[in-house]
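Trainee: I'll drop the sequence and a predicted model, then ask my questions.
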Amino acid sequence: MGNATTRSLERMAAAMGALGSHSAPIEFHSHCEVSRGGVLVAVPALLAVGLLRYSEPLYCLPPGFYGIDSIFLLLALLAMARVRSLEQLRYEEPGEWGKLLGLDRIPEVRTLRGKLKQLCENWGRALQWNAELAKEWIAQITLASELFFYCDGHVRVYHGAQTQLPRHYVARERLCLRATTDYWIHAMDGQPFLYVNKEVDPGLIATLEQDVIPWLEANVPQTPDQEQRLREHARAPWFTVVFDREGYSPELFQRLWQKRMAVLTYHKFPKEAWREEEFQSYQIRLPGGEVVTLRLGERGTQLSTTMWVREIRKLSEQGHQTAILTTNFQAGLTRVAAALFARWCQENFFRYRREHYGLDRLVEYGTEQIPDAVPVVNPEWRKLDSQIRSTVGQRHRWAAQFGSLALSQDPAPAEVEKFQQRKGELREQIESLDLEIEKLKQARKATAHHIAVKSLPEEDRFTRLRTERQHFIDTIKMIAYRAETSLASLLREHLARASDDARALVRQIFEIAADLIPDYAANTLTVRLHHFTQAAHDQAIEKLLVELNATQTIFPGTRLRLIFKIGSS
């Protein structure tokens with residue numbers, strides 16, 4: 001039966017298909033000092049975010065000992081407990097985790113991989129699940145008149161050898177590495193909604209037009225009040241899309257505004273500096289609650305497409321001016337500034353996910369064919385472009401030598417002759433390089449920049465990494481992150497010192513041991529956390545547990561209502 005198994009008869013029945021139900025029943029027993037028992041505090045938040053809301057309609061498992069709810073809940077709790085990969089599960093205590101799920105033990109890594117394979121057989125199902133959850137999360141935003149969606153790409157580096165992926169520039173490592181790009185959509189506070197994977201990165205502008213904007217257009221609801229406002233005010237936006245300089249395109253801005261979608265980004269080509277008298281000091285509250293003072297100024301600016309936009313600039317203490325462009329004419333000056341600088345919440349999300357949730361870890365290592373119609377950069381065009389860059393760099397070096405040559409104050413005739421001879425040689429070399437550069441540019445112009453994958457030479461062909469299982473696990477971790485964020489927000493209200501890190505304390509809750517006390521007569525499951533190192537933290541966490549108890553959460557697969565306590569409280 002395996003290590004840590006105590007329900008042998010049910011396991012035998014499940015193996016023979018005679019269990020009588022789709023999975024073994026959830027049964028809790030009294031246990032003391034269960035390792036990481038505090039992670040059960042996350043169950044109400046996970047269920048509220050929607051962990052199991054679409055498990056039945058979208059997914060199914062054949063009858064067996066482990067039910068689909070147990071698998072989903074296990075994966076989410078493992079993410080909350082910072083078990084970053086399935087392989088790391090080999091070093092966890094299977095019996096202790098089994099106690100937390102009402103089972104004798106959790107599945108082995110091989111069994112869990114088999115369950116994931118069954119859940120992810122249908123390609124595109126994980127993206128559908130993510131999209132259904134994202135629609136719910138967006139609908140929960142009450143300020144529909146001030147909807148801001150943040151879009152940014154995250155490069156997921158691939159160090160394997162199964163395929164030669166295209167190279168991408170990785171800013172955090174300052175190198176060009178083989179990788180894929182995920183484009184994430186977030187809320188203003190950094191909460192994730194959705195992401196799309198691009199095995200061949202077409203760039204932010206193309207991804208916005210081909211994937212992000214169509215999805216937002218189809219799934220962002222319009223309330224009756226908002227529809228009326230759009231009819232009555234010609235400059236009222238439906239929502240605002242925020243991105244960095246990579247998405248700068250006046251043509252894109254104009255096309256989006258025709259759909260009443262505003263943009264907010266940095267000005268890629270700002271003109272001369274504004275006068276200091278145009279700036280005023282404003283108090284701005286950031287999404288995290290912090291209040292900062294910024295010196296801001298505003299003008300109207302006409303872009304190359306003759307479209308008028310708002311240009312807002314921030315003046316730093318050192319005199320540097322950061323230029324912002326937006327087509328949102330209704331949001332106030334401070335609101336626009338706060339919205340763009342809140343883009344750092346998205347960067348913080350990537351950094352936190354990499355550190356705590358294994359954002360860049362691969363879930364499966366197989367590859368699959370790329371659709372033939374996907375456009376890729378033509379290798380011939382890339383070769384010519386590389387030759388042009390190399391030749392231009394060589395020309396700059398010769399030109400620098402040409403400009404650095406000089407005669408002494410009283411040159412001799414021999415020095416003048418040598419000077420003129422060297423100048424002539426350099427001029428000939430520069431003119432020769434100019435002709436070569438022009439020839440290469442004409443060849444590059446005549447060469448298609450992008451071609452279909454099917455048109456690639458055999459030696460340049462590549463496959464893509466399988467994405468279904470990866471997207472499934474990423475959605476689980478997305479749910480876990482949102483649940484952790486909600487717990488941290490609740491806990492932050494009860495911390496005596498504002499400087500205390502609520503997320504660090506929430507992570508400590510997930511690590512602490514707990515006692516499990518089921519009462520089947522009263523249909524309750526009491527989770528009694530052990531005391532923390534500081535009494536102040538005990539008091540704050542106790543108030544958090546009171547709020548969680550008020551949710552009257554039922555543990556999945558049972559009738560037991562969760563009751564959380566700390567110590568003997």
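Mentor: Perfect, thanks for sending it.
Trainee: quick one: contacts for Pro556?
Mentor: Residues near Pro556 by Cβ atoms under 8 Å, 6 or more residues apart in numbering: Ile26, Leu47, Leu52, Asp69, Ser70, Leu73. In this view, the C-beta of every residue, glycine as well, is placed from N, C-alpha and C.
Trainee: Tally up the residues packed near Gln429, please.
Mentor: Look at Gln429: counted by other Cβ atoms under 10 Å, it has 16 neighbours.
Trainee: Now it: which helix or strand?
Mentor: helix 413-445 (DSSP states H and E).
Trainee: For that helix, which helices and strands make contact with it?
Mentor: If you count contacts as 3 or more Cβ pairs under 8 Å, 6 or more residues apart in numbering; DSSP states H and E, helix 413-445 packs onto helix 379-404.
Trainee: could you pull out the helices for the stretch 151-300 of the chain?
Mentor: 204-207, 213-219, 224-232, 250-257 (DSSP state H, counting those that start in this stretch).
Trainee: Run through who's touching the first one.
Mentor: Outside helix 204-207, the residues within contact range by Cβ under 8 Å, 6+ apart are 151-153, 183, 196, 198, 201, 243-244, 246-247, 249, 252.
Trainee: for that helix, what is the average pLDDT?
Mentor: Averaging pLDDT along helix 204-207 gives 92.
Trainee: Show me what counts as buried in it.
Mentor: Residues Leu204, Thr207 are the ones in helix 204-207 that count as buried (16 or more other Cβ atoms under 10 Å).
Trainee: just stretch 158-170 next, same as before
Mentor: Tyr158, Thr163, Leu165, Pro166, His168.
Trainee: Straight-line length of that stretch, end to end?
Mentor: 11 Å (Cα to Cα, to the nearest Å).
Trainee: How about stretch 232-246?
Mentor: Using Cα to Cα, one end of stretch 232-246 lies 33 Å from the other.
Trainee: which residues pair with the residue sitting nearest the centre point of the chain across the strands?
Mentor: Nearest to the mean C-alpha position of the chain, counting by Cα atoms, centre = their mean, stands Trp184 at 4.6 Å. Judged by DSSP bridges, the bridge partners of Trp184 are Asp152, Tyr195.
Trainee: my guess is it meets Tyr195, correct?
Mentor: Yes. Trp184 sits in contact with Tyr195 when judged by Cβ atoms under 8 Å, with a separation of 4.4 Å.
Trainee: who touches both of the two?
Mentor: His154.
Trainee: ok, Ser384 - contacts?
Mentor: Rather than Ser, residue 384 is Leu. Leu440, Ala443, Arg444, Thr447.
Trainee: same thing but 10 Å
Mentor: Asn378, Leu440, Lys441, Gln442, Ala443, Arg444, Lys445, Ala446, Thr447 (Cβ atoms under 10 Å, 6 or more residues apart in numbering).
Trainee: Arg343 too?
Mentor: 148, 150-152, 186, 188, 190, 242-244, 264-266.
Trainee: Need the max-distance pair from those.
Mentor: Gly190 and Tyr266 (18.7 Å; Cβ to Cβ).
Trainee: Comparing these two, which residue is more hemmed in?
Mentor: With neighbours defined as other Cβ under 10 Å, Gly190 and Tyr266 compare such that Gly190 has more, 21 against 17.
Trainee: From Leu256, how far off is the closest residue to Lys441 other than its chain neighbours?
Mentor: Leaving aside its sequence neighbours, Lys441 sits nearest to Ile388 (Cβ to Cβ, 6 or more residues apart in numbering; 6.3 Å). Separation of Ile388 from Leu256 (Cβ to Cβ, to the nearest Å): 33 Å.
Trainee: Which of these two has more residues huddled nearby?
Mentor: Neighbours were counted for Ile388 and for Leu256 using other Cβ under 10 Å; Leu256 has more, 22 against 18.
Trainee: Could you check the pLDDT of the more buried one?
Mentor: Note on Leu256: pLDDT of 95.
Trainee: give the contact list for it.
Mentor: Applying Cβ under 10 Å, 6+ apart, the residues near Leu256 are Leu208, Glu209, Ile213, Glu217, Pro237, Trp238, Thr240, Val241, Ser249, Ala262, Val263, Thr327.
Trainee: try Glu547
Mentor: Taking Cβ under 10 Å, 6+ apart as the test, what Glu547 contacts is Pro44, Leu487, Leu490, Leu491, Glu493, His494, Phe564.
Trainee: now do 6 Å
Mentor: Each residue near Glu547 by Cβ atoms under 6 Å, 6 or more residues apart in numbering is listed here: Leu490.
Trainee: For it, grab phi and psi.
Mentor: Backbone geometry at Glu547, expressed as degrees, to the nearest 10, gives phi -70, psi -40.
Trainee: Check the gap between it and Ile185 for me.
Mentor: For Glu547, the distance to Ile185 equals 29 Å [Cβ to Cβ].
Trainee: and if you look at Leu294?
Mentor: 26 Å.
Trainee: what do you get for Gly102?
Mentor: 36 Å.
Trainee: Repeat that for Arg503.
Mentor: 22 Å.
Trainee: give me the number of residues near Gly17?
Mentor: 10.
Trainee: Please enumerate the strands of the stretch 151-300 of the chain.
Mentor: Here the stretch 151-300 of the chain has its strands, by DSSP state E, counting those that start in this stretch, at 167-170, 175-186, 192-198, 239-242, 261-266, 280-285, 291-302.
Trainee: Check which helices and strands the first one sits against.
Mentor: It stands for strand 167-170. Here strand 167-170 touches strand 175-186, going by 3 or more Cβ pairs under 6 Å, 6 or more residues apart in numbering; DSSP states H and E.
Trainee: buried stuff in the strand it packs on?
Mentor: For strand 175-186, by 16+ other Cβ under 10 Å, it's Arg178, Ala179, Thr180, Thr181, Asp182, Tyr183, Trp184, Ile185, His186.
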